[in-house]
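J.: Provide a 3D model corresponding to the input given below.
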Amino acid sequence: MPKINGNEIRPGNIIEHDGGLWIAVRTSHVKPGKGGAFAQVELKNIRDGRKLNERFRSADKVERVRLEQKDKQFLYETDGMLVFMDTETYEQTELPADILGDRRPFLQDGMTVVVEYYDEEALSATLPEKVTCEIVETEPVVKGQTAANSFKPAMLDNGVRVMVPPFVGSGEKIVVNTETFEYVERA
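T.: Numbers count the residues shown, from 1 in each chain. The predicted structure follows:
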């Protein structure tokens, strides 16, 4: 794995530090009046979510980790485990359902998910940015209310509540952003 200087750490970089894998959440470069400059880096542990603030001088060397990304197709869920199939080798793998976190309800049959691996360990899974869902419950459409810049709550077929524009009614399909849980457009 390549070693980089402490002042080259950028947000999103994954480094090996103190025997664990950490992702850089925020970095700021500080030049104090006395002494050498350093990078103040906020780190988050990939495995357990702990946070850490660390100072790295330009002379400090850290291991930058590159994760291997594989496309996996979701097949089914069994006993709290999600079963995925590798799209190239057709090999099936089971991952815990909590690997998706709060985005789990947006997972649909046959959906292609990007799973990031470190060695052979699956660390994270990323859903597509936009998913089509159906509205099962919302307030009825009221004529003349479309000009106002207001939103109303709606319940989706996967049990997630989102805010939608007033012209969208029950039974309609909409596109939802899986990262922000916001309405994007009608499907």
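J.: What strands line up against the helix or strand bottoming out on mean pLDDT in the chain, and which way round?
T.: Every helix and strand of the chain was ranked by mean pLDDT, DSSP states H and E. The lowest is strand 121-126, at a mean of 85. Strand 121-126 sits in its sheet next to strand 112-118 (antiparallel), going by DSSP bridges.
J.: just to revisit the earlier point, contact partners of the least confident helix or strand of the chain?
T.: Residues outside strand 121-126 that contact it (C-beta atoms under 8 Å, 6 or more residues apart in numbering): 21, 46-47, 67, 72, 93, 95, 99-100, 113-117. From N, CA and C alone the C-beta is placed, and that goes for glycine too.
J.: so how many other residues sit close to the nearest residue to residue 14 once chain neighbours are set aside?
T.: Take residue 14 and drop its neighbours on the chain: the residue closest to it by C-beta to C-beta, 6 or more residues apart in numbering is residue 65, 4.5 Å away. Neighbour count for residue 65, taken as other C-beta atoms under 10 Å: 18.
J.: One more: the one 3 residues further on?
T.: Counted with other C-beta under 10 Å, the burial measure for residue 68 works out to 10 neighbours.
J.: I'd say it and residue 120 touch.
T.: No: the criterion here is C-beta atoms under 8 Å, and residue 68 misses it with residue 120 at 9.5 Å.
J.: roughly how far apart are the residue nearest in space to the middle of the chain and residue 135?
T.: The residue lying closest to the centre of the chain (C-alpha atoms, centre = their mean) is residue 126, at 5.5 Å. From residue 126 across to residue 135, the span is 25 Å (C-beta to C-beta, to the nearest Å).
J.: One more: residue 96?
T.: In terms of C-beta to C-beta, residue 96 sits 30 Å off from residue 135.
J.: So between these two, which is more surrounded?
T.: residue 135 (19 against 11).
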